[in-house]
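# Just the structure for this:
(2 chains)
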Number of protein chains: 2
Amino acid sequence: MKNSFTKAVVEKGSGVTNNAQKKWNLLAEEVSFPTAVLNEQALTNNARWMQRFSDESAVKLAPHGKTSMSPELFQLQLAQGCWGITLATVPQVVNAYNSGVKRIMLANQLIGLYHFKLIADLIIDTDIELYCFVDSIDNAKALDNYFSSRGVTLNILLELGVKGGRCGWRDIANIDSLVDVITQSSSLKLTGLSFYEGVIHGDNSHQQVCQFIDEVKVLAQRLLTQQKFALPEVILTGAGSAWYDVVAKELLPLTSDFTVVIRPGCYLIHDTGIYQEAQNAIVARSQLACDIAGDLISSLELWAYVHSIPEPGLVIVGLGKRDVAFDAGLPTPEYSYRPGNDKPSKVNGWQVVKIMDQHCMMEVSLDCDLKPGDLVIFSSSHPCLTFDKWRYIGIRNQDFTVEKTITTLF
Amino acid sequence: MKNSFTKAVVEKGSGVTNNAQKKWNLLAEEVSFPTAVLNEQALTNNARWMQRFSDESAVKLAPHGKTSMSPELFQLQLAQGCWGITLATVPQVVNAYNSGVKRIMLANQLIGLYHFKLIADLIIDTDIELYCFVDSIDNAKALDNYFSSRGVTLNILLELGVKGGRCGWRDIANIDSLVDVITQSSSLKLTGLSFYEGVIHGDNSHQQVCQFIDEVKVLAQRLLTQQKFALPEVILTGAGSAWYDVVAKELLPLTSDFTVVIRPGCYLIHDTGIYQEAQNAIVARSQLACDIAGDLISSLELWAYVHSIPEPGLVIVGLGKRDVAFDAGLPTPEYSYRPGNDKPSKVNGWQVVKIMDQHCMMEVSLDCDLKPGDLVIFSSSHPCLTFDKWRYIGIRNQDFTVEKTITTLF
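All right, here's what the predicted structure looks like:
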């Protein structure tokens, strides 16, 4: 495995978080670079910020766990008081439950025989509280066939979608055929509604997001009046990392009748790219977000060596597509560090212009004094796709020492 | 971890290749989808094809192992008779050595204190035969400082590069200052020359590749005449997966004086995207490649469920950026399978138009009869970036049963 945190773990052959006696100083080059580390201060700040936002919005927080898939980070989020953890796939659900998460929202359709078995077994054998999304009659019938045969009941959230979007029933006004299949089934319990507004883009996206939520609200209230829900607590859930303020605000009037749950995922790690942009828009439009002290801080750093400066102004760095997300902007050089110096220095004007599997190309000024063996510290855009490249990630303190590491379960 | 091969392994708590008694039938949905599998026939075919190409070209093969980082696949390549394995980073070198690979080319600069230590320890403690690339005086001096202090000698291949390319000394005619640092050092042994022509693109790339190789040849012969090399066997190495035929052909006249080593990596897995395109060009221009029976076959399959068909013609599939490479073309739907049917059917005209973290959107004809729970089997482009998303990959036989699995060490 590629970083030295792993090596220590492998040598120990036991849990990673138990190796607290082992420390790695990054400035002393005690690890293999490139490596991914999290700034502990930023991480704690972000966990608290979003929990506070949710609390003050009178909504519940079920962070999307697919971003990190890290048991240690799930525990950090639960310790802050989140309602549950959202996940995207059945293996993620199983891994999260095995990591101590009891209330899980599978924000996806439950599909496939092997997954049906896994989930039925979990429900029978454990104390899991699980919800999953359904957006088609075919899927509802397949679920009922299987779960009825096992004598297991399954909590269902109807998933609603927008035209051209991802999953979700499109014609919200004409959803009764799907509602009927679920409410008349012997194994499926209709426990609420769900949606994901993050697929809405373009110039008037704010207005479109609000219109979509309005439709969902009308349906929610109609189904409540018609007593279609199977349990007294009815869930109404939406929101990724870009519109959680709007979802929380629009659904606030319904919080007396519904448990409103938002599901942002990227806030804990955050970035300096697409999610920083989204957060800037949130802080600009949400008085509440603006009022909460501080803001989200990008916590993820990629440390990598300069390998070569083969031409003036062109620096080849040992950081590639294998190490960092590259789908929503290339990594941003933030600091450089020459081993032996006191601490990293802020850099300016350097730019990654190309990225390959194991290297990137960075343009710098012609008189830049970088040399092979210097370190460059990058921030990035889209944390999900950096996290899945690392099995272990260090948590560094303000002395640039890693005293804790986290695992990822991808 | 995300696929069920893992689960079996975790349950066993031991090596993956020892669980041969465990079988997973893909058509019977005995695994969690999405999953990545390798077609065993294609894999064996590819391993043999490239070894035969190298043998008949009178060059040695050191497959780039960064593609798969899989001990089981390294063994497959070594069993075919390859000369060694090429790798891109020090952790990859360590993992490969620990997997039984004795002759390793680090096709990269060796940078950083922790890496110096790891490599010096490996050289002292084991029977590894290691070569690494050097392209700067700064790096050569840093290596000599460290390795001299340890009393360890290190085999160096001078790395040569092209303007605008990646690493590699640019002014090939004026390289003596670097050669002198290496030959006058006490710990570095100049054992050959290396280059990577894969960064050359554009309309007259074939001609440029040949010109570049010509420059390398002139230098190689000059340094040989000047007796600059430290060992009787002198290595001359180039070639990724796109130009290995040209490199082998151009360097053939030098095979009496040099050990010529080519380093393609993607051939073993192959694809239906950029490497299929490159291979088509190779077969079109190389009589030798054309004469070898058969050809490379894409061996990697991604199996994933249809989750939703929320609008006619729009299919949402449970396969995302977390599961498959997307940087060199989106995955290609090849077959579909409805559980209960005899076998998968070839599909035509379906196209993935967008990919997100855990889903992709596929356009199909309006009357397509897919439904949630059907499986779609995809090929892909750029195997390196699919491999690093999976910790275990199944090898399926012609009955669609996985009887062996491989590990990856990313």
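
# gap between A:Thr401 and B:Val347?
According to C-beta to C-beta, to the nearest Å, A:Thr401 and B:Val347 sit 54 Å apart. Quick note: C-beta positions are derived from backbone N, CA and C, even for glycine.

# same thing with A:Gly165?
24 Å.

# Ok, A:Glu277 next?
38 Å.

# residues touching the residue lying closest to A:Ser57 once chain neighbours are set aside, list them.
Excluding the flanking residues, the one nearest A:Ser57 by C-beta to C-beta, 6 or more residues apart in numbering or on different chains is A:Ala248, at 3.9 Å. The contact partners of A:Ala248, by C-beta atoms under 8 Å, 6 or more residues apart in numbering or on different chains, come to A:53-54, A:57-59, A:239, A:260, A:262, A:288.

# Out of those, name the ones that lie in helices.
A:53-54, A:288 (DSSP state H).

# quick one: buried residues of stretch A:191-201?
Neighbour-count burial for stretch A:191-201 flags A:191-200 (criterion: 16 or more other C-beta atoms under 10 Å in any protein chain shown).

# Stretch A:185-192 too?
The neighbour-count check on stretch A:185-192 (16+ other C-beta under 10 Å) flags A:185, A:187-192 as buried.

# what does the model give the residue nearest to A:Ser57 for pLDDT?
Model confidence at A:Ala248, given as pLDDT, is 98.

# go on, A:Asn18?
On pLDDT, A:Asn18 comes in at 38.

# Also A:Lys2?
A:Lys2 is given a pLDDT of 69.

# Up against chain B, what does the stretch 301-410 of chain A have?
A:305-311, A:314, A:316, A:318, A:321-322, A:326-327, A:339, A:356-359, A:361, A:371-373, A:384-385, A:388-389, A:391, A:409-410 (C-beta under 8 Å from any C-beta of the partner chain).

# Check the stretch 51-200 of chain A too.
A:66, A:88-92, A:95, A:108-109, A:111-115, A:118, A:135-136, A:138-139, A:142, A:161, A:163-170.

# Quick one: mean pLDDT over the lengthiest strand in chain A.
Longest strand in chain A by number of residues (criterion: DSSP state E): strand A:300-311. Mean pLDDT, computed over strand A:300-311, is 98.

# Could I get the buried residue list for that strand?
For strand A:300-311, a neighbour-count test (16+ other C-beta under 10 Å) marks A:300-310 as buried.

# Just the C-alpha atoms of stretch A:62-73, please, in PDB.
Coordinates of each C-alpha in stretch A:62-73 appear next as PDB, following Å, rounded to 0.1, in the frame of the first residue of the first chain:
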ATOM      1  CA  ALA A  62     -27.500  12.700   8.200                       C
ATOM      2  CA  PRO A  63     -24.100  13.400   6.600                       C
ATOM      3  CA  HIS A  64     -23.500  11.500   3.400                       C
ATOM      4  CA  GLY A  65     -20.900   9.000   4.400                       C
ATOM      5  CA  LYS A  66     -19.900   8.100   0.900                       C
ATOM      6  CA  THR A  67     -17.400  11.000   0.800                       C
ATOM      7  CA  SER A  68     -15.100   9.500   3.400                       C
ATOM      8  CA  MET A  69     -16.300   6.000   4.100                       C
ATOM      9  CA  SER A  70     -14.200   6.300   7.200                       C
ATOM     10  CA  PRO A  71     -15.400   4.700  10.500                       C
ATOM     11  CA  GLU A  72     -13.300   7.200  12.500                       C
ATOM     12  CA  LEU A  73     -14.900  10.100  10.700                       C
END
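
# what's the spacing between that stretch and its chain's center?
Its chain's average C-alpha position is 6 Å from that of stretch A:62-73, according to C-alpha atoms, centre = their mean, to the nearest Å.

# follow-up on the earlier one: of the ones in helices among the contacts of A:Ala248, keep whichever come out buried.
Taking 16+ other C-beta under 10 Å as the criterion, what is buried in those is A:53-54.

# quick one, what contacts the nearest residue to A:Ile316 once chain neighbours are set aside?
Using C-beta to C-beta, 6+ apart and skipping the chain neighbours, the partner closest in space to A:Ile316 is A:Ser308 (4.3 Å). Listed by C-beta under 8 Å, 6+ apart, the contact set of A:Ser308 reads A:315-316, A:372, B:109, B:135-136, B:139, B:166-168.

# Farthest-apart pair in these, please.
B:Asn139 and B:Arg166 (14.6 Å; C-beta to C-beta).

# if you count what's nearby, which of these two comes out ahead?
B:Asn139 (26 against 23; other C-beta atoms under 10 Å in any protein chain shown).

# Are we agreed that the residue nearest to A:Ser57 is in a strand?
No. With DSSP: H, G, I helix; E, B strand; the rest coil as the criterion, A:Ala248 is located in helix rather than a strand.

# Pull up the gap between it and chain B, please.
Note on A:Ala248: its distance to chain B, by C-beta to the nearest C-beta, to the nearest Å, is 23 Å.

# what's the answer for A:Glu277, then?
From A:Glu277 to chain B the distance is 18 Å (C-beta to the nearest C-beta).

# Spit out the contact partners of that residue.
Contacts of A:Glu277 (C-beta under 8 Å, 6+ apart): none.

# Okay, and it sits in which element?
helix A:274-285 (DSSP states H and E).

# thinking again about what came up before, can I get the buried residues of stretch A:191-201 in a markdown table with pLDDT?
Formatted as a markdown table, the buried residues of stretch A:191-201 follow (pLDDT from 0 to 100):
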| residue | pLDDT |
| --- | --- |
| A:Thr191 | 98 |
| A:Gly192 | 98 |
| A:Leu193 | 98 |
| A:Ser194 | 98 |
| A:Phe195 | 97 |
| A:Tyr196 | 96 |
| A:Glu197 | 95 |
| A:Gly198 | 92 |
| A:Val199 | 93 |
| A:Ile200 | 94 |
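
# Filter those residues down to just the ones in strands.
Using DSSP E, those in strands are A:191-195.
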